[in-house]
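Student: with the input below, show me the fold.
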Amino acid sequence: MVENTTDRDLIEVIVSDHREVENVFTQLEQGQGDPAQRKEMVDHVITELVRHSVAEEQYMYPAARRTLPDGDEIADHEIDEHAEAERVMKELSGLGPGDDRFEELLSTLMSDIRHHVEDEEQDLLPRLRQACGKEELRDLGGKILRAKERAPTRPHPKAPDTPPANRILDPGAGLVDRMRDAVGGRR
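Tutor: Alright, predicted model coming up:
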């Protein structure tokens, strides 16, 4: 199903992504699924987090830099948090649920992402709601959704995380990742 990219604004798109990830985290914490299903849930959440992070780095953080007096500082902090989460995701994606480090890294990832979500929802998103007009927020929401469609599905910790390089290179990495996903049977 193709999402309508004109009806949801930036804040709605970002918060919706946060809720979807939290739902998977809750299922993982409740111990749902056999080991293969848990690995599948972890792979799914990593894919969603990578796509979400890429889209934020391409559009939301540049908007913060442009509209907020301390936007550079905020964007740099958020990008640093993404980089750390991406390192954890890269290591976690190479492990199976039977590996000793799997649960430890999963716990670290969930904690880091929850902290990041809280920062965004308590500080950055309300400030962007105040600083940007409704049309700009709606335009950014559409851009975020379109960026997620082309974004990589696997962590690439060494890839650029700021425009213009990320906007140029991310779609290519996304294409390669989706081809790898198809060949490997990863959803």
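Student: give me the distance between residue 131 and residue 24.
Tutor: 31 Å (CB to CB, to the nearest Å). The way it works is simple: take the backbone N, C-alpha and C, and place the C-beta from them, glycine included.
Student: can you check residue 77 too?
Tutor: 25 Å.
Student: more neighbours, the two?
Tutor: residue 24 (18 against 15; other CB atoms under 10 Å).
Student: secondary structure element for the more buried one?
Tutor: helix 10-29 (DSSP states H and E).
Student: buried residues in that helix?
Tutor: By 16 or more other CB atoms under 10 Å, the buried positions in helix 10-29 come out as 10, 11, 13, 14, 17, 18, 21, 24, 25, 28.
Student: so where is this protein shaky, pLDDT-wise?
Tutor: By pLDDT under 70, the weakly predicted segments of the chain are 1-6, 156-187.
Student: hmm, residue 141 and residue 59 touching each other?
Tutor: No. Using CB atoms under 8 Å, residue 59 is not in contact with residue 141; the gap is 9.2 Å.
Student: common neighbours of these two, please.
Tutor: Applying CB atoms under 8 Å, 6 or more residues apart in numbering, one finds that residue 59 and residue 141 are jointly contacted by residue 10.
Student: counting by contacts, list what the helix ranked longest in the chain packs against.
Tutor: Assignment by DSSP state H gives helix 71-93 as the longest helix of the chain. Applying 3 or more CB pairs under 8 Å, 6 or more residues apart in numbering; DSSP states H and E, one finds that helix 71-93 makes contact with helix 35-55, helix 61-67, helix 100-119.
Student: convert the shortest one to PDB, retaining C-alpha atoms only.
Tutor: So that's helix 61-67. The C-alpha trace of helix 61-67 is given here as PDB (Å, rounded to 0.1, in the frame of the first residue of the first chain):
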ATOM      1  CA  TYR A  61      17.700  18.000  10.900                       C
ATOM      2  CA  PRO A  62      18.400  20.400   8.000                       C
ATOM      3  CA  ALA A  63      15.100  22.100   8.900                       C
ATOM      4  CA  ALA A  64      16.200  22.300  12.500                       C
ATOM      5  CA  ARG A  65      19.500  23.900  11.500                       C
ATOM      6  CA  ARG A  66      17.600  26.400   9.300                       C
ATOM      7  CA  THR A  67      14.800  27.400  11.700                       C
END
